[in-house]
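S.K.: Give me the fold of what follows.
(one chain, ligands or ions: 1)
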Amino acid sequence: LGKLFLKNCRILESDTKVNIVISNNKISQILPFDEFVCYDNSYDMKGNKVLPGYIDLHIHGAGGGEVFKAEIEEFQKITSTLVKYGVTGITPTTIVNPENDYLQLRKLKDCMDHDFTGTRLLGLHLEGPFVNIIKKGGIPITSVRDYNRDELLKIINILGDHLKMMTIAPEISPNMEIIDILLEHNIVPALGHTNISYEKAHKAFDKGVKHVTHVFNAMPSLHHREPGPLLAILERKDVSVQIISDGVHLNPAIVQYLYNSIGIENCVCVSDGQSVIGLPDGKYDINGGLYLKNGEKATDIDGNLIGTALDVGNIAQKFQKFTGCTEFEANQSISNNPVKVLCLIDKYGSIEFGKIADLVVLDESGSIEQVFIDGALQYEKITD
Ligand SMILES: [Zn+2]
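M.R.: Model (predicted):
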């Protein structure tokens, strides 16, 4: 690999122009614009913006590929599609199929062991199966299980280190023990698809839950006599939340309210993206059902939302529009912040000395020019 020299890069944080040196796969130097080093391998970024690559913690598929199917070809479709959208890292997200003694999870493990080109896999995110049936939302009943400690340990055992995050309803386990077990195994517990009370939500956060899956969706609404988890979430400064800021899952005013009340550092934009990302509008078979892609929306034939057809970069752009935040802050919500949730902050999420060079280059109009992963060019816009 050797050294790579990216000259004339505009950095969002300081809005200055710099030259970036990448050694092997890491950022080894950030030099002032006028300080020049000559390497064989150099790119002129022409003053374009260089951003940390986008990270999506909640994504079910892309390019026609579905995580749920747990096949190598499906994963390859996902990683090769998302990289074109500047997404350099994901936690592939899926509901669980318990059939045949969790055969799906065994196959998912094989997928995670495989080397793909394109977007980096940062570990699996399981949405369930230990969620509250009352708040299952779009999760089919066959993918929801009563809490059972042995079954949880079995799932953890099958996936090993590949299991990074699990969306749970802690209230369905005795003394919310599911939280302790996940933390013991270095798995991020994410509160979601839950019917937890206000008091218990605070207890869950005190126990170590620090992240919330698609806030406001699949949990009780704020009520003046039953404040529910939302008031607890809004009161915490140590809990980050997934925000689907597509303008449909959350009213733009709610997105703005979240930004103002919990602060940018706790905002993690996610797509909840489906396999139709990157496909033309039309009818598609997703997970055995017929679905429609109409622009940014993915719905079933009755018009019920099933996540989005939007990539996380677009979601963050809408977040910026709804909140009036800076471009740097919008990027934080899909780089630094999600990486913090995964405890991978020493490797990814910012343009700093020692970080892995997963970078997105945007032109003046905001469209993606290049994407680098591990300091290697993975995507370049074709210009004629
Ligand atoms: Zn969900």
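S.K.: How about residue 86, nearest residue that isn't a chain neighbour?
M.R.: Leaving aside its sequence neighbours, residue 86 sits nearest to residue 360 (C-beta to C-beta, 6 or more residues apart in numbering; 4.0 Å). All C-beta spots, glycine's among them, are computed from the backbone N, C-alpha and C.
S.K.: what number of residues lie near that neighbour?
M.R.: Using other C-beta atoms under 10 Å, residue 360 is surrounded by 25 other residues.
S.K.: Distance check, it against residue 51.
M.R.: 5 Å (C-beta to C-beta, to the nearest Å).
S.K.: Which neighbours do these two have in common?
M.R.: residue 86 (C-beta atoms under 8 Å, 6 or more residues apart in numbering).
S.K.: And the contacts of the helix or strand hosting the residue nearest to residue 86?
M.R.: Following DSSP states H and E, one finds residue 360 within strand 359-362. Here strand 359-362 makes contact (C-beta under 8 Å, 6+ apart) with 6, 9, 45, 48-54, 86, 88, 313, 351, 368-372.
S.K.: With just CA atoms, put it into CSV.
M.R.: The C-alpha atoms that make up strand 359-362 are tabulated as CSV, following Å, rounded to 0.1, in the frame of the first residue of the first chain:
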residue,chain,number,x,y,z
LEU,A,359,-13.1,9.1,3.7
VAL,A,360,-15.8,10.7,1.5
VAL,A,361,-15.0,13.5,-0.9
LEU,A,362,-17.8,15.9,-1.9
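S.K.: Quick check: residue 271 is in a helix.
M.R.: No. Using DSSP: H, G, I helix; E, B strand; the rest coil, the assignment for residue 271 is coil, not a helix.
S.K.: I am assuming it contacts residue 277, so please confirm or correct that.
M.R.: Yes. Counting by C-beta atoms under 8 Å, residue 271 touches residue 277, with 7.3 Å between them.
S.K.: For the two, list the residues in contact with both.
M.R.: 308, 310-311.
S.K.: now the strands: where do they sit in the stretch 251-384 of the chain?
M.R.: Assigned by DSSP state E, counting those that start in this stretch, the strands in the stretch 251-384 of the chain fall at 267-269, 282-286, 289-294, 297-300, 305-308, 359-362, 368-373, 376-380.
S.K.: Distance check, residue 5 against residue 41.
M.R.: Residue 5 is 7 Å from residue 41, by C-beta to C-beta.
S.K.: Mind checking which of these two has more residues around it?
M.R.: Neighbour totals were compared for residue 5 and residue 41, and residue 5 leads with 19 against 12 (other C-beta under 10 Å).
S.K.: Report pLDDT for the residue nearest to residue 86.
M.R.: Per-residue pLDDT puts residue 360 at 98.
S.K.: ok, back up a step: neighbour count winner among residue 271 and residue 277?
M.R.: Neighbours were counted for residue 271 and for residue 277 using other C-beta under 10 Å; residue 271 has more, 33 against 30.
S.K.: list the contacts for the more buried one?
M.R.: Counted by C-beta under 8 Å, 6+ apart, residue 271 has contacts 56, 58-59, 244, 246, 277, 307-308, 310-312, 315.
S.K.: ok, so of the residues you listed, who is nearest residue 173?
M.R.: The nearest member of the contacts of residue 271 to residue 173, counting by C-beta to C-beta, is residue 58 at 22.2 Å.
S.K.: In space, what's closest to that closest one - neighbours in sequence excluded?
M.R.: residue 270 (3.7 Å).
S.K.: tell me the contacts of the one you found?
M.R.: Taking C-beta under 8 Å, 6+ apart, one finds 56-59, 214, 242-244, 312, 315, 338 in contact with residue 270.
S.K.: taking the contacts of strand 359-362 one by one, which sit in helices?
M.R.: residue 313 (DSSP state H).
S.K.: in the stretch 1-150 of the chain, which spans are helices?
M.R.: For the stretch 1-150 of the chain, applying DSSP state H, counting those that start in this stretch gives helices covering 72-82, 99-113, 149-159.
S.K.: Which one, of the ones you listed, ends up nearest to residue 329?
M.R.: By C-beta to C-beta (comparing all of the helices of the stretch 1-150 of the chain), the closest turns out to be helix 72-82, at 22.4 Å.
S.K.: which residues sit against the closest one?
M.R.: Here helix 72-82 has contacts from 56, 59, 61-67, 90, 92, 110-111, 114, 116-121, 275, 277-278, 311, using C-beta under 8 Å, 6+ apart.
S.K.: again, only this time at 7 Å
M.R.: The contact list for helix 72-82 (C-beta atoms under 7 Å, 6 or more residues apart in numbering) reads 61-66, 90, 92, 111, 114, 116-119, 277-278, 311.
S.K.: Just give me how far it sits from the chain centre.
M.R.: 16 Å (C-alpha atoms, centre = their mean, to the nearest Å).
S.K.: Could you do stretch 274-281 as well?
M.R.: The mean C-alpha position of stretch 274-281 is separated from the chain mean by 17 Å, C-alpha atoms, centre = their mean.
S.K.: what is the mean pLDDT for it?
M.R.: Per-residue scores along stretch 274-281 average to 93.
S.K.: what's the distance between residue 320 and residue 252?
M.R.: For residue 320, the distance to residue 252 - C-beta to C-beta - is 11 Å.
S.K.: which of those two has more neighbours?
M.R.: In this view residue 320 and residue 252 are compared by other C-beta under 10 Å, and residue 320 has more residues nearby, 19 against 16.
S.K.: So what's the predicted local confidence for that one?
M.R.: pLDDT at residue 320 comes out at 98.
S.K.: Over to residue 207?
M.R.: 98.
S.K.: go on, the one 4 residues further on?
M.R.: In this prediction, residue 211 carries a pLDDT score of 98.
S.K.: before we move on, which element is the closest residue to it other than its chain neighbours in?
M.R.: Nearest non-adjacent residue to residue 211, counting by C-beta to C-beta, 6+ apart: residue 190, 4.6 Å away. Here residue 190 is covered by strand 188-191, with elements defined by DSSP H and E.
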